[in-house]
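K.L.:
predicted coordinates and the sequence they were generated for:
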Amino acid sequence: MSASRKFFGPSGGLAIVIGLATGCTPPDESEPDFASTDASARGAEVHGDDDLMCEEPKESDEVPREVLLRPPAPPAPVAPGAWTRGGQLHFDVPVSREIVTVYEHLIDPDDEATREVTHDVGGHKLTVLASGQSQPSPLPGQTIVVVPGRDLRDFRLALDLSVLADQDEIWFEDIRVEDIEGRAVGHADQTNFAAEPLTCGEQALVRFGEIPAGMPSFTWPINKNCLDAKCLQVRTAYVEAVHATWRMTQMLDPLADFPSYSRSWAWDQPAATADAMPAGSRTSLRYYFGSYRDDRYGTIRELYRDHLNVLRSGRMDGIDLRLKCPTETSHPGNACITGSSWAHHSVKGWINICPRLWSRLDTFYPTDEESWLSWFNHTVAHEFFHHHWVQINGVGWRMLQDVVAHRHGNACTNISTETMISQPGADPYDAAPRHLGGWVNSQSEGCGHRRVALRTLDNYNTAARVIGEKIRRSEIVSWPYVEPTPQPPQCVGGEGCRCDEVDPTYDVPDGDAGPDSFCIDNGNDLQCMERAFGAGNPVGICTDCDQVRGPGCECRDGHTPCDVGSCFGDDTRGQDMSWGRCYIEPPDYACLVDCEELLGSGATCLWNHPGEARCVPSGVGLPEATNCWDDGGHFDGEADCVSHPECGVDAPDAPDGTEDPTCQDLGYPPYFMCDDSFRCVRDL
């Protein structure tokens, strides 16, 4: 185990870069024929009895190069003043009209070079000419823009739009052409006007409704055979996916500036309704991803940031996104036609919406219009999450999947390969994500379900869809829910109560609330853990490790991992077979070493040792340890105070015969070093 995986800063210092799986790049306007690919590479997912939701690419053992080289996603816009001083996010939309910038290609980049194209925006004709073309006189209602290039595939159309509340109109603030660097090279002369929405993109924005404050710009995917009502529906699904993903980044990004205990508290909280009531567990992050851990937070945050970057740019690793609606006439060999899928995405960047998805005849589908539209949009949003990779602490890089083997049973030996996707026509709607986020066996062991949740696609999609839709409908207006007058408990000493005060003669501090606090176990492993109550200062609360394996609780990575913080000390002697304790920021009164593994049976942690806690052999107390340390010595495993160096040059050979031993040669974990006095001290 490396020392680097122990440290997670308040901004999620875990190095995570989310990428997309390699795939075939369409050489022209035709998508590579999925139906002709090897069946073993398709990994079809079973949904319901005979339904196939989508064809899933086989996960490779090799992480694509794009994943390792992709730069971090830029921060998503957050509405000004969205976070109050108390750390609460407000979703209300101001009265003033908000603008969103929407981009689309002037022409399909896979088409042949075109030097003239006309777009109809709000009934206004915008004709774009490549330089060198003869420029005709504009007709009434037409603007001609000449761009400084000979190939229009290098330019895109940018629209600054607003949606008027309670009106079926769209407001055009600006219409312009931008080059590949995002520089405006020409503007339409008619702007700042309201018009009836004519294109399917304009109609989709009007169907979506008012633009929320701070909503980011985005690029429409290229339309492939999604005509008329189908174009409207898939573009509505896309703008809702952008909004839902942005809302998740809006929740997660500002938490990076808060201490870990505040993030942990917010993680468990639901959102709040307009009347300041909790909006239910389905609006909490814990519901979908399980208990809080710093590394989980970092993984989830970066996934949503990267996914928003994909939706905003309309590109996956340099491949333009395409939404395709194949039919038996237009694409007779497509897997949508030859198979029974609702959608498929085997080629990166191409999302195929199958004819079966448009049908409402199957008894599984919701019967009312609103439910069907919501379910359709959920399915389309689901497809865009495929080909993402995440880096999971202790596991490594994994592609997001719908079928991830996970374990059940008291011994965690029963293997399940069930498809873990939400079922909008079923009750409960989100049973699969909820299962991975919360399941435990009779021994309160999760059998790795929370790690599986991090790599299961619909946990991310369902969380975003549920929370995003509730915000749009004003069913929730702020997050996290804060009790009107949050107060810590008044009781002292028992589970859920304030911690006891340490008597230095008899007691040992535990947890992370401070050297003056501890908990009497009373038959349980209780640790004094810092807990935030609303916006107030944290208070030490006696917490059962069987309920939350947090600061002070025993741990061992891969066997009994921490729910909160990281495990320190289980790598004593470098074997990951020792027992450590969980901490977010280890206190000075914690040894961070398995003392018996280091010094032998009976060794203990002397919490009030000078400077910081230190392991001492059996029978050694504070006076002897203080005198020995002040004289420049240390205790060996035989309970003798010795004056020779413990480590480095002139130190006795390590037990395995290593000369000039380092602290690691002597069995200390990687985060200990040999100091100027040639004694091993922790280096954090």
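P.N.:
Right, received. Where do you want to start? Because the structure is predicted, anything quoted here is derived from the model rather than measured.
K.L.:
drop to CA atoms for contacts and neighbour counts, all remaining ones
P.N.:
Fine.
K.L.:
who's in contact with the closest residue in space to residue 617 that isn't next to it in sequence?
P.N.:
Nearest non-adjacent residue to residue 617, counting by CA to CA, 6 or more residues apart in numbering: residue 603, 4.2 Å away. By CA atoms under 8 Å, 6 or more residues apart in numbering, residue 603 lies in contact with 595-596, 615-618.
K.L.:
any idea how far residue 187 is from residue 145?
P.N.:
For residue 187, the distance to residue 145 (CA to CA, to the nearest Å) stands at 7 Å.
K.L.:
for those two, list the residues in contact with both.
P.N.:
By CA under 8 Å, 6+ apart, the residues touching both residue 187 and residue 145 are residue 177.
K.L.:
give me the more crowded residue out of those two.
P.N.:
Ranked by neighbour count (other CA atoms under 10 Å), residue 187 and residue 145 place residue 145 first, with 21 against 18.
K.L.:
which of the helices or strands spans the more buried one?
P.N.:
Per DSSP states H and E: residue 145 is located in strand 142-147.
K.L.:
can I get the very next helix or strand once past that strand as PDB, trimmed to CA atoms?
P.N.:
Next helix or strand after strand 142-147 toward the C-terminus (DSSP H and E): strand 156-163. Extracted as PDB, the C-alpha positions of strand 156-163 are listed here (Å, rounded to 0.1, in the frame of the first residue of the first chain):
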ATOM      1  CA  ARG A 156     -20.200  27.000 -35.400                       C
ATOM      2  CA  LEU A 157     -23.400  28.900 -34.800                       C
ATOM      3  CA  ALA A 158     -23.800  30.500 -31.300                       C
ATOM      4  CA  LEU A 159     -27.200  31.700 -30.000                       C
ATOM      5  CA  ASP A 160     -27.800  33.600 -26.800                       C
ATOM      6  CA  LEU A 161     -31.300  32.700 -25.800                       C
ATOM      7  CA  SER A 162     -33.900  33.400 -23.100                       C
ATOM      8  CA  VAL A 163     -37.200  31.700 -22.600                       C
END
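K.L.:
give the pairing partners of strand 156-163; include direction for each.
P.N.:
Paired neighbours of strand 156-163 in the sheet (DSSP bridges): strand 100-105 (antiparallel), strand 170-178 (antiparallel).
K.L.:
between those strands, which gets nearest to residue 141?
P.N.:
strand 170-178 (13.5 Å; CA to CA).
K.L.:
the helix or strand where residue 301 lies to strand 100-105, inter-axis angle?
P.N.:
Take DSSP H and E as the rule and residue 301 turns out to sit in helix 294-313. With axes from the mean of the first three to the mean of the last three CA atoms, to 10 degrees defining the directions, helix 294-313 sits at 60 degrees from strand 100-105.
K.L.:
which residues belonging to helix 294-313 are considered buried?
P.N.:
Of all the residues in helix 294-313, those buried under the rule 16 or more other CA atoms under 10 Å are 294-313.
K.L.:
repeat for stretch 607-621
P.N.:
Neighbour-count burial for stretch 607-621 [16+ other CA under 10 Å]: 607-610, 613-618, 620.
K.L.:
so what's the residue count around residue 439?
P.N.:
Residues within reach of residue 439, counting by other CA under 10 Å, total 16.
K.L.:
pLDDT at the closest residue to residue 280 other than its chain neighbours, what is it?
P.N.:
The shortest distance from residue 280 to any non-neighbouring residue, by CA to CA, 6+ apart, is to residue 270 (5.8 Å). We have a pLDDT of 96 for residue 270.
K.L.:
average pLDDT for stretch 248-263?
P.N.:
89.
K.L.:
kindly report the same for stretch 325-337.
P.N.:
83.
K.L.:
what's in contact with that stretch?
P.N.:
The contact list for stretch 325-337 (CA under 8 Å, 6+ apart) reads 33-35, 224-226, 230, 338, 341-344, 352-355.
K.L.:
next one: stretch 614-626
P.N.:
590-591, 593, 595, 599-610, 634-639.
K.L.:
what's the first-to-last distance across that stretch?
P.N.:
Start-to-end, stretch 614-626 (CA to CA) is 11 Å.
K.L.:
equivalent analysis for stretch 636-648, please.
P.N.:
The first-to-last residue distance of stretch 636-648 comes to 15 Å (CA to CA).
K.L.:
okay but residue 289 is in contact with residue 453, surely?
P.N.:
Yes - using CA atoms under 8 Å, residue 289 is in contact with residue 453, at 5.9 Å.
K.L.:
assign residue 255 to helix, strand or coil.
P.N.:
State at residue 255, reduced to three classes by DSSP: H, G, I helix; E, B strand; the rest coil: helix.
K.L.:
that one contacts residue 263, correct?
P.N.:
Yes - if you go by CA under 8 Å, residue 255 and residue 263 touch, sitting 6.0 Å apart.
K.L.:
Three-state assignment for residue 168, please.
P.N.:
At residue 168 the chain is in coil, as set by three-state DSSP.
K.L.:
what about it, how many neighbours?
P.N.:
Residues contacting residue 168 under the criterion other CA under 10 Å number 15.
K.L.:
now swap in the one 4 residues further on and tell me
P.N.:
Other residues near residue 172 come to 20 when the count uses other CA under 10 Å.
K.L.:
same question for the one 5 residues further on.
P.N.:
Residue 177: 24 surrounding residues under other CA under 10 Å.
K.L.:
quick one: residues contacting it.
P.N.:
Taking CA under 8 Å, 6+ apart, one finds 145, 155-158, 184-187 in contact with residue 177.
K.L.:
also residue 591?
P.N.:
By CA under 8 Å, 6+ apart, the neighbours of residue 591 are 605-607, 612-615.
K.L.:
adding pLDDT, distance to residue 247 and secondary structure, write the residues you listed out as CSV.
P.N.:
Below are the contacts of residue 591 laid out as CSV (pLDDT from 0 to 100; distance: CA to CA, whole Å; DSSP: H, G, I helix; E, B strand; the rest coil):
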residue, pLDDT, distance to residue 247, secondary structure
605, 94, 46, strand
606, 94, 48, strand
607, 94, 45, coil
612, 93, 44, coil
613, 95, 44, coil
614, 95, 46, strand
615, 94, 48, strand
